[in-house]
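Any chance you could fold what I've pasted below:
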Amino acid sequence: MNILVLNGVNLNMTGRRERGVYGVQTLREINDRIAKYAEERGVEVKFFQNNNEGELCTAIQSAQGKYDGIILNPRRHRFRHRSRHRSAHEQRPRARGIPPQLGAHARLSGRDPRLRCEQLYPCAGELFDMNIVLCGMMGVGKLSVGIRIAERTGRMWYDTDVVITDRHGRISDIFEFYGEAHFRALETEIVRELSERDDLVISTGGGLVLKPENSELLKKNGRIFFMRAGFETLLKRVRADETRPLLKNTGKTAETLGRLLEERTPVYEHVADYIVDTDGRSVEEVADEIISLMEREQTALPADGEQA
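Numbering: from 1, shown residues only. The predicted model follows:
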């Protein structure tokens, strides 16, 4: 079996440009993983990337008779909007097992391309439309866990603090010159954009879900996971970090952290769909539990076209 994988505009920058927006894996790393998995199963894979859409069209036409199938990943857009009000054509069930960031796929043979994609992408079964949203206190590990889940499932990963920093500068400067209220408004702006997309992993700032509007938007198309950690664990992680605005220059890190933990924990527990304890656990173990919870929920849902 021969498969052609086409990567489109700007995908050569994946993992190199704005990692908080476009992800952490480079295109070469992604291709290497695909090639290794395919080789183990006797599948030949060829990769092609070009920033000219005309060249991609030519590659598709030239593939006739040479390949059993094509996996086409057209391009990555920053905050590309996908409307919930889709046309009849768009409402056809998406082929199961195809990672969404691979985009459309072309059928060049009589066989079902979905089966080939499932074979090539073992992680595909872990991908769901619902966003995975991580909330919790500063220092709990939302960034590290978010990146790991994205790497394992093929989702795009966003960290709201990273996106704000990319757009508006350092968060500590925003707090100092514009105040916390302005920063919270920027968070809501980002949440509005992300809530219109799906198949994402979203690591949120510690105070983001405290605003009811934010948590309601995130729940529209996502499951919220409260990553819970004890006071001592959090204190150990944040004590040396002077970049956090709410702890900066207070001289009372433990006291401030304890107050925030007491104030925020009930809200986290209220908005969360799931609570995941992180004390004494590795990033991999926490990521495992979150992925497993999503898998369990997905298997409990009716398949496309079935009645609940």
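
Run the chain-centre distance for stretch 2-20.
The chain centroid and the centroid of stretch 2-20 are separated by 16 Å under C-alpha atoms, centre = their mean, to the nearest Å.

Pull out the C-alpha coordinates of it and format them as PDB.
C-alpha atoms of stretch 2-20 as PDB (Å, rounded to 0.1, in the frame of the first residue of the first chain):
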ATOM      1  CA  ASN A   2       1.300   3.500  -1.000                       C
ATOM      2  CA  ILE A   3       0.100   6.600   0.700                       C
ATOM      3  CA  LEU A   4       0.900  10.200  -0.200                       C
ATOM      4  CA  VAL A   5       0.800  12.800   2.600                       C
ATOM      5  CA  LEU A   6       0.500  16.300   1.400                       C
ATOM      6  CA  ASN A   7       1.100  19.200   3.800                       C
ATOM      7  CA  GLY A   8       0.100  22.700   2.700                       C
ATOM      8  CA  VAL A   9       0.800  26.400   3.400                       C
ATOM      9  CA  ASN A  10       2.900  27.300   6.400                       C
ATOM     10  CA  LEU A  11       3.000  23.800   7.800                       C
ATOM     11  CA  ASN A  12       6.800  23.800   7.400                       C
ATOM     12  CA  MET A  13       6.700  26.400  10.300                       C
ATOM     13  CA  THR A  14       4.800  24.000  12.700                       C
ATOM     14  CA  GLY A  15       6.700  23.700  16.000                       C
ATOM     15  CA  ARG A  16       8.900  26.600  15.100                       C
ATOM     16  CA  ARG A  17       6.600  29.600  15.000                       C
ATOM     17  CA  GLU A  18       4.400  30.700  18.000                       C
ATOM     18  CA  ARG A  19       4.400  27.300  19.600                       C
ATOM     19  CA  GLY A  20       1.500  28.300  21.900                       C
END
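
from here on, count from 47
Happy to do that; since the first residue is 47 now, the last one works out to stretch 48-66.

Now that stretch: buried residues?
49-58, 60-61, 65-66 (16 or more other C-beta atoms under 10 Å). For the C-beta atoms, the positions are set from N, CA and C on the backbone; glycine is no exception.

now, which of these sits nearest P258?
P258 has its nearest neighbour among the buried residues of stretch 48-66 in G66, at 25.2 Å by C-beta to C-beta.

Tell me which other helices or strands whichever strand or helix holds V51 touches.
For V51, the host element (DSSP states H and E) is strand 48-55. The contact analysis (3 or more C-beta pairs under 8 Å, 6 or more residues apart in numbering; DSSP states H and E) places strand 48-55 against helix 73-86, strand 90-95, helix 99-108, strand 115-121.

Just want the angle from the third one to strand 90-95.
The one in question is helix 99-108. Angle, helix 99-108 to strand 90-95, by axes from the mean of the first three to the mean of the last three C-alpha atoms, to 10 degrees: 160 degrees.

What is the distance between helix 99-108 and the centre of its chain?
29 Å.

Same question for that helix: list its buried residues.
L102, A105, I106.

Show me which of the helices and strands packed on strand 48-55 has the highest average neighbour count.
A comparison of the helices and strands packed on strand 48-55 by mean neighbour count, using mean count of other C-beta atoms under 10 Å, puts strand 115-121 on top with a mean of 19.
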